[in-house]
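Engineer: Just a sequence and a predicted model for now, questions to come.
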Amino acid sequence: MENDFFKRKNYSPPKNGIILFGIFYLCTLCLAAVLAPALFYATKFLANRLPVESFQHFIDKGFEKFFDRAQLISLLILLFPFLKVCGFHSLEDIYFVKICRRKFLLTFIGGFILTCTIFAWLSLHNISIFKPVVAKVYFWNLFKFTMGAISIGFLEEIIFRGIIFNLLSRNFNITCSMLLASLFFAYCHLGVGNNLRIDIADVTIFSGFRCIIPTIMSIGRGFNSLNFLNLMAFGVLLSLLLLKNKSLLCPIAFHMGTVFALMNIRSFVDVVTFACGKYCSIGILDTWLSLALQSFIALGLIVAKREKV
């Protein structure tokens, strides 16, 4: 793998690109800290005045979920100004280039099939216990999952593969950049400020800032080595899809397919396991089969890339 993959004509990357991203990340969290209580009170206001069950559903989820979602909003607000500061004059500078619809659809299906294969294997081998979940208004869920898959796949791939991987590759070789970007990808998915248990009655304008340090330290769900390795392998796989196809739309499509399958599966069943004398929820992808499948696909992409070159 050569560094010239990211070389663009008339493009001069900033020498302090990594520092700029660190500042951007902190600014995103600070804006989310302001938006989170504002969104919470706006939702609570609507829940008290409109007979819509979804408003109360969001309130019951807790304040930390608002901070989690506010990060996506603040990311979207600050993303394009940050691209300009870093010298990315167009989306093509982060390899957001067109691919044929057939390739996009097949890549989406590939991510969807990967998740469904892991879930089917869990079901057949009875490693986990599947607790049925009552899915209310499924068509609304389908719309919600579709929008969630699009927003998560789009934003996360622009950040982790389009920007971070891009900037790292100008200071390190491609392999090292891919591993570092995947490491940061795994780190960012471990905590996201959840499980802080901020009492809804005590939500203030400063509640959002109470989520920043735990988010930076990735405190929340606890550290699971298998989960971390799976997230890193997923990041490497997405990076290889970018390298092979020279378009950010390929990892976006694969990411969307995976998230869409995960959200749909979790709307019907909850994956639980018995540990420490009690049942606890686990991720569908937190299995050795997931790690093996992702590693196998990544190896295939590496071999295919070498053959092509």
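Structural biologist: Structure's in. What do you need?
Engineer: Could you pull up the residues touching Leu237?
Structural biologist: Counting by C-beta atoms under 8 Å, 6 or more residues apart in numbering, Leu237 touches 254, 294, 297-298, 301. For every residue, glycine as well, the C-beta is placed using N, CA and C.
Engineer: Please apply the same query to Asn264.
Structural biologist: Under the criterion of C-beta under 8 Å, 6+ apart, the contact list for Asn264 reads 141-142, 145.
Engineer: Who wins on neighbours among those?
Structural biologist: The member of the contacts of Asn264 surrounded by the most neighbours (other C-beta atoms under 10 Å) is Phe145, with 19 neighbours in all.
Engineer: Could you list the buried residues of the helix or strand that contains it?
Structural biologist: Assessed by DSSP states H and E, Phe145 sits inside helix 138-157. Of all the residues in helix 138-157, those buried under the rule 16 or more other C-beta atoms under 10 Å are 141, 145, 148-149, 151-157.
Engineer: From the residues you listed, pick the one nearest Leu106.
Structural biologist: Gly153 (15.3 Å; C-beta to C-beta).
Engineer: before we move on, back to that, the helix holding Phe145 packs against which elements?
Structural biologist: If you count contacts as 3 or more C-beta pairs under 8 Å, 6 or more residues apart in numbering; DSSP states H and E, helix 138-157 packs onto helix 63-85, helix 249-268.
Engineer: Quick one: mean pLDDT for it?
Structural biologist: The average pLDDT for helix 138-157 rounds to 82.
Engineer: what about the helices and strands packed on helix 138-157, which gets the closest to Gly17?
Structural biologist: Ranking the helices and strands packed on helix 138-157 by proximity to Gly17 (C-beta to C-beta) places helix 63-85 first, at 9.7 Å.
Engineer: Could I get the buried residue list for the next helix-or-strand element following that closest one?
Structural biologist: The helix or strand immediately downstream of helix 63-85 is helix 101-125, counting by DSSP H and E. Buried residues in helix 101-125, counted by 16+ other C-beta under 10 Å: 104, 107-108, 110-112, 114-116, 118-119, 122.
Engineer: Between those, which has the least confident prediction?
Structural biologist: Lowest pLDDT among those: Leu122, 78.
Engineer: Now flag whichever of the contacts of Asn264 is closest to Tyr25.
Structural biologist: Nearest to Tyr25 among these, with distances taken as C-beta to C-beta, is Phe145, at 27.1 Å.
Engineer: list the contacts for the closest one?
Structural biologist: Counting by C-beta under 8 Å, 6+ apart, Phe145 touches 260, 263-264, 267.
Engineer: Just give the nearest non-adjacent residue to Cys27, would you?
Structural biologist: Distance criterion C-beta to C-beta, 6 or more residues apart in numbering; nearest residue to Cys27, sequence neighbours excluded, is Leu78 at 6.0 Å.
Engineer: I'd like the distance between the one you found and Ile23.
Structural biologist: Computed as C-beta to C-beta, to the nearest Å, the Leu78 to Ile23 distance reads 10 Å.
Engineer: With neighbour numbers in mind, choose between those two.
Structural biologist: Using other C-beta under 10 Å, the more surrounded residue of Leu78 and Ile23 is Leu78, with 16 against 12.
Engineer: Which residues outside the helix or strand hosting Leu299 are in contact with it?
Structural biologist: In this assignment (DSSP H and E), Leu299 forms part of helix 288-308. Helix 288-308 is contacted from outside by 1, 114, 117-118, 121-122, 226, 229-230, 233-234, 236-237, 240-241, 243-244, using C-beta under 8 Å, 6+ apart.
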